[in-house]
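> sequence first, then the predicted structure, then my questions.
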Amino acid sequence: LVSCAKRAKTPNSELAVCRVLLAELEAHQDAWPFLSPVKLKSVPGYRKVIKKPMDFFTIKEKLINNMYLNQENFIIDVNLVFDNCQKFNEDDSEIGQAGHRMKRFFDKRWTELLRKQ
Ligand SMILES: Cn1cc(C(=O)NCCN)ccc1=O
């Protein structure tokens, strides 16, 4: 048969990759600073400095509630976690180092997973 047009990627297959990626992020040994929202009451200055807090638990909730229309919106939120971390923490701090390691891991994995599609 004449080759048919490439089937459009259904949104849920795009989001399936996001669920796989998020599970890997949560399981990473350096994920501990990012697993839940930063406690604004117990971290002085965080509320003022970080305009758009984000964390892996919030991302999971948004995935479950279909609040991501595509991969791009998911990637934006994950990168927000790491950008917030770099803004608020010194690079040589425990949390700063964890953030850099998590970002490197994420960048590697989503290019691997997306290049495969
Ligand atoms: C990502 N991040 C986390 C914390 C924190 O205190 N997390 C609780 C770990 N149990 C503080 C600053 C920050 O940028």
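Looks like it arrived, so ask away.

> what is the burial count for residue 93?
Each residue near residue 93 was counted by other C-beta atoms under 10 Å, and the total is 13. No exception for glycine: its C-beta is placed from N, CA and C like everyone else's.

> now it: how far from residue 44?
In this view, residue 93 and residue 44 are 15 Å apart by C-beta to C-beta, to the nearest Å.

> how about residue 16?
Per C-beta to C-beta, residue 16 is found 40 Å from residue 44.

> need the residues of this structure near the ligand, please.
On the criterion C-beta under 6 Å from any ligand atom, the ligand has as its neighbours in the chain the residues 32, 33, 34, 38, 43, 85, 88, 89, 95.

> so who does the fourth one touch?
Residue 38 makes contacts with 46, 50, 53, 55, as judged by C-beta atoms under 8 Å, 6 or more residues apart in numbering.

> whichever of these end up buried, select them in PyMOL.
Buried residues among the contacts of residue 38 (16 or more other C-beta atoms under 10 Å), as a PyMOL selection:
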select buried, resi 46+50+55
